[in-house]
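> 3D model of this:
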Amino acid sequence: MSRTTAPVRPAGHAVLRGGRASFLVHRRAVAVSAVLAVLLACAVVAYLCVGESFVPPVEVVRVLLGRPSPDTLVVGTLRLPRLTVALLAGAAFGVAGALVQTVARNPLASPDVIGVTHGAGAATVAAISFNAVAYDALPYVSVAGGLAAAVLVYSFAWRRGLHSSRFVLVGIGVSVALGSLTQLFLTKGDYLVAQQAKIWLTGSLNGRGYEEARPLALVVLLSVPAALWAARAQRSASFDDDTADALGVRLDRVRLGLTVLGVVLASVATGAAGPVDFVALLAPQIARRLTRTAHVPLLSAALTGSLIVVAADLLARRMFSPTELPVGVLTAAVGAPYLMWLIVRTRSRSGGTSS
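The predicted structure is shown next:
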């Protein structure tokens, strides 16, 4: 008699079945995502409560549920639109960082480190400084600039394969060049418009609302099916070229698809919120360390990114009140030391391996 062997389920995983489809999920990742969702909900309520005038949490919940409240103007009109941009931009940055780090197989890689957000920023600043396009078209300009920067980095880094260290180094060089180009645009444009562009470059959410949130929300929603594919494709993207060829995996196509999705998300988020630095670097690494998974879980990365941006913007609004700091200043203050620590840690590991 022949025996049928049941497929081996990896440790720490569970199978979810829905009709003919089944999904393999990591139990710890699900638990971490649930905790992050609760923390994010608490941060959202705190964000809507705190401001020039304090709004009780009960009234915040009433406004969110669409019930009549005397604080509808403060919560629903003044604070909620800005919060919406923070939530969407943080999630987009988190997923984009996870995808870029997966493709590069390097925790140092993120859209703001390898030049994607700098390309989006340079294109947007050029459009703002020279009044080249209408304000509503700026998100599309950001996507074009981010894609152009990604193509440039990918072209220079590709040498019979995509080596992670070369990818990061080329990206840093492109970032520096695009930063210089951005400064050139600022000096050549109108003075008053250039000052507005400088404020945008700091990653400030001040004045952001539903006009910026709509295109970002549309891109995020349209990216959900692609993100579901990307969650499965992450496994094959981590293979080396020889292993992928042996398994018959079209590794170049997988990496290209993940890169395009990450670049589009990061570019649109940059167009909506400005270049909020280091969120795309921090969120995936925090999510991976919390979940202890082999690959960065995209849902956890998105929730972590949203939590970072919402918490940072809340602190930026109230830390030195009535003076308001750009949210990018706080994220850079945390992200820059982390990046230096990550570089030192990566070099020490490489030195230990080579010895």
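> now the strands for this protein?
13-18, 21-26 (DSSP state E).
> can you flag the weakest of the ones you listed by average pLDDT?
Lowest mean pLDDT of those: strand 13-18, a mean of 54.
> now residue 318: how far from residue 46?
10 Å (C-beta to C-beta, to the nearest Å). Quick note: C-beta positions are derived from backbone N, CA and C, even for glycine.
> please name the residues that touch the most centrally placed residue in the chain.
Centroid-nearest residue in the chain: residue 93, 0.9 Å away (criterion: C-alpha atoms, centre = their mean). For residue 93, the contacting residues are 111, 265-266, 269, 276, 279-280, 283, 305, 309, by C-beta atoms under 8 Å, 6 or more residues apart in numbering.
> and of those residues, the nearest to residue 332?
residue 276 (8.7 Å; C-beta to C-beta).
> in this structure the closest one contacts residue 328, no?
Yes: between residue 276 and residue 328 there is a contact under C-beta atoms under 8 Å: 4.8 Å.
> hey, what's in contact with both of these two?
residue 203.
> the more surrounded of these two?
Legend: neighbour count by other C-beta atoms under 10 Å for residue 276 and residue 328, higher for residue 276 (33 against 27).
> mind checking how far the residue nearest to the more buried one when sequence neighbours are not counted is from residue 101?
Using C-beta to C-beta, 6 or more residues apart in numbering and skipping the chain neighbours, the partner closest in space to residue 276 is residue 203 (3.9 Å). For residue 203, the distance to residue 101 equals 20 Å [C-beta to C-beta].
> try residue 328
20 Å.
> list the contacts for residue 225?
Counted by C-beta under 8 Å, 6+ apart, residue 225 has zero contacts.
> now swap in residue 322 and tell me
residue 52.
> for it, grab phi and psi.
phi -80, psi 0 (degrees, to the nearest 10).
> tell me where the model's unsure across the stretch 201-350 of the chain.
237-249, 343, 346-350 (pLDDT under 70).
> residue 235 against residue 258, yeah?
No: in this structure residue 235 lies outside contact range of residue 258 using C-beta under 8 Å: 11.5 Å.
> between the two, who's got more neighbours?
residue 258 (22 against 13).
> and the more buried one, how far is that from residue 316?
31 Å.
> try residue 93
For residue 93, the distance to residue 316 - C-beta to C-beta - is 16 Å.
> go on, residue 128?
Counting by C-beta to C-beta - residue 128 and residue 316 are separated by 22 Å.
> please apply the same query to residue 204.
With C-beta to C-beta as the criterion, residue 204 and residue 316 are 8 Å apart.
> quickly list what's touching both of these two.
Shared contacts of residue 204 and residue 316, counting by C-beta under 8 Å, 6+ apart, come down to 326-327.
> what is the nearest of the contacts of residue 93 to residue 60?
residue 309 (18.9 Å).
> touching, the closest one and residue 328? I think so.
No: applying C-beta under 8 Å as the test, residue 309 and residue 328 come out as separate, 9.8 Å apart.
> quick check: mean pLDDT of stretch 169-177?
88.
> give the buried residues for stretch 303-317.
303-314, 316-317 (16 or more other C-beta atoms under 10 Å).
> which neighbours do residue 309 and residue 328 share?
Joint contacts of residue 309 and residue 328 (C-beta under 8 Å, 6+ apart) are residue 276.
> can you give me the end-to-end distance of stretch 312-331?
With C-alpha to C-alpha, to the nearest Å as the measure, stretch 312-331 spans 7 Å from end to end.
> how far away from the center of its chain is that stretch?
With C-alpha atoms, centre = their mean, to the nearest Å as the basis, stretch 312-331 stands 19 Å off its chain's centre.
> now do stretch 295-315
8 Å.
> could I get the CA-only coordinates of stretch 110-125 as CSV?
Taking Å, rounded to 0.1, in the frame of the first residue of the first chain, the C-alpha atoms of stretch 110-125 are listed here in CSV:
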residue,chain,number,x,y,z
SER,A,110,15.9,51.8,1.7
PRO,A,111,14.3,54.3,-0.8
ASP,A,112,15.8,57.3,1.0
VAL,A,113,19.3,55.8,1.2
ILE,A,114,19.6,54.6,-2.4
GLY,A,115,18.2,57.7,-4.0
VAL,A,116,14.6,57.0,-4.8
THR,A,117,13.1,59.6,-2.5
HIS,A,118,15.9,62.0,-3.6
GLY,A,119,14.8,61.5,-7.2
ALA,A,120,11.2,62.1,-6.3
GLY,A,121,12.2,65.1,-4.2
ALA,A,122,14.4,66.6,-7.0
ALA,A,123,11.6,66.3,-9.6
THR,A,124,9.0,67.7,-7.2
VAL,A,125,11.2,70.7,-6.2
